[in-house]
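Engineer: Need the 3D shape of this:
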Amino acid sequence: QAVPAGSHVRLNLQTGEREAKLPDRENWERDKREERRRKRLGKVDVDANSFTSEELKKALAKMKENEKAERKVSFLFLKQCTVRKKFRPIEQLKEEFEKLNMKMETDYEIMVKLISKFNSSASTLDEKVAALYDLEYYVHQV
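Structural biologist: Numbering: from 1, shown residues only. Down below sits the predicted model:
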């Protein structure tokens, strides 16, 4: 006779009968959660003779995908290292420009100046319009 999933089944060695026990509500909920977790993680069987060829093919495909992903990450890391060798950090560039008596400003710093110029009561209408046009350019980049 079929028994519901999650039932506890045992063989009584004294009588030779198979017995089934419905789980109590608390254990049943836990077992259902465990079953959902197993479905999410995939079937794991420790008996080596029980794997089908399809399961082995799927596992091999997953291994190949993981290997490709690892290669891609290492390639990106190497590419990032070569890019870093070609370019200098912004702090170093600022120091070099200061030595040449030139001040290098970031877009953020320029935008803050333009906003303060626009909000300033000392600015003329033409200066405010020019600040808005310049600000529009920088905001468009963002």
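Engineer: just the strands in the protein please.
Structural biologist: All strands of the chain, identified by DSSP state E, fall at 8-11, 18-21.
Engineer: Direction included, what does the first one pair up with?
Structural biologist: Which is strand 8-11. strand 18-21 (antiparallel) (DSSP bridges).
Engineer: Just the residues contacting the strand it pairs with, thanks.
Structural biologist: Outside strand 18-21, the residues that touch it by C-beta atoms under 8 Å, 6 or more residues apart in numbering are 3, 7, 8, 9, 10, 11, 12. Where C-beta positions appear, they are placed from N, C-alpha and C, glycine not excepted.
Engineer: Could you give the bridge partners of the closest residue to the second one other than its chain neighbours?
Structural biologist: Just to be clear, that refers to residue 7. Leaving aside its chain neighbours, residue 7 sits nearest to residue 20 (4.9 Å; criterion: C-beta to C-beta, 6 or more residues apart in numbering). Counting by DSSP bridges, residue 20 forms beta bridges with residue 9.
Engineer: how much space is there between residue 20 and residue 12?
Structural biologist: Residue 20 is 11 Å from residue 12, where distance means C-beta to C-beta, to the nearest Å.
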